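**Student:** I'd like to go over a predicted model; first the sequence, then the structure.
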Amino acid sequence: MKRTILLTLAALLAVPLGASAQTVVHDPLLPSADTHVRGTNSVSSNYGSANYISVRATTSSNKRYAYLQFDVSSITDPITDVTLTLTLSEDIASARTASTLQLYGLTFANDTEALALGLETSLNYNNAPAPWGSGSSSASATDLLSTVALPVAGGTGSSAGTTFTFGSSSALISFLEAARLNPDLSIVTLVLTESTGQTTNGEIFFASKENTTYAGPTLTITTTAIPEPATVAALAGIAVLVRAAAFRRRRS
């Protein structure tokens, strides 16, 4: 009997328990589409083929907002951490003041509606989802998902090639988890805005996915699998057998 118990324990311990609860940092996702929109004289222009995306806050109508879409359909396990990384494609302009880059999300009824935005073909300031443009859309904006500080010209991190990373937050994780759990919402749309108004020449430029000199935006997702029922059962079995063996040893 003792030999049988030991063999059973050995078999159960051979179950790959670690694999079922493994934390995985997935390869960075590249955007399926990215662009920016401009106010004033460019309200009907689309910049989906540009090698940069641009952001600028201003009190005038000459604002710029960037839109990114990522396909997260390959993510199947619960998301526990996520970062969005952008790379400056030009030095920060001397006309800029220090500000904060802000990340929001757009919520759609389904992927068809999200793709209908036509980021790389037809999205412009006039038809961009509110509140960043004047166009109408059934999309609703999330609360602020994450932020990153932007330096002034000449400061640390102001040169082309510098990367800026939106850190993980509960809001950002929840936004992506909602997409992961709904197959009809696997295309996530993120929007970049700025907190502080800038002058006319105070826009900031990041590399888009079309850029061949600097890396485009990347979304890095970390997941942790939930232990499968078989694993839980194996652990329970081990516990029962260990207790049984201990009980027999005390009686003998």
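**Tutor:** Looks like it arrived, so ask away.

**Student:** which regions of the stretch 1-150 of the chain sit below the pLDDT cut-off?
**Tutor:** Within the stretch 1-150 of the chain, the stretches with pLDDT under 70 are 1-20, 59, 130-138.

**Student:** got the residue ranges for the helices in it?
**Tutor:** If you assign secondary structure with DSSP state H, counting those that start in this stretch, the helices in the stretch 1-150 of the chain sit at 2-13, 17-20, 111-115.

**Student:** CA atoms only: put whichever strand or helix holds L190 into PDB for me.
**Tutor:** L190 belongs to strand 187-194 when assigned by DSSP states H and E. Taking Å, rounded to 0.1, in the frame of the first residue of the first chain, the C-alpha atoms of strand 187-194 are listed here in PDB:
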ATOM      1  CA  ILE A 187     -10.100  45.400 -32.300                       C
ATOM      2  CA  VAL A 188      -9.200  48.000 -29.700                       C
ATOM      3  CA  THR A 189      -9.000  51.700 -30.500                       C
ATOM      4  CA  LEU A 190      -6.800  54.000 -28.500                       C
ATOM      5  CA  VAL A 191      -6.600  57.800 -28.700                       C
ATOM      6  CA  LEU A 192      -3.700  60.100 -27.800                       C
ATOM      7  CA  THR A 193      -4.400  63.600 -26.600                       C
ATOM      8  CA  GLU A 194      -2.300  66.200 -24.800                       C
END
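
**Student:** right, and the helix or strand after it?
**Tutor:** strand 204-207.

**Student:** Run through the neighbouring helices and strands of that next one.
**Tutor:** Strand 204-207 makes packing contacts with strand 52-55, strand 79-87 when contacts are defined by 3 or more C-beta pairs under 8 Å, 6 or more residues apart in numbering; DSSP states H and E. Yep, even glycine has a C-beta here, placed from its N, CA and C like the rest.

**Student:** swap the cut-off to 6 Å and go again
**Tutor:** The contact analysis (3 or more C-beta pairs under 6 Å, 6 or more residues apart in numbering; DSSP states H and E) places strand 204-207 against strand 52-55.

**Student:** List the strands paired with the strand holding L190, with their directions.
**Tutor:** Partner strands and pairing direction for strand 187-194 (DSSP bridges) are strand 64-71 (antiparallel), strand 99-107 (antiparallel).
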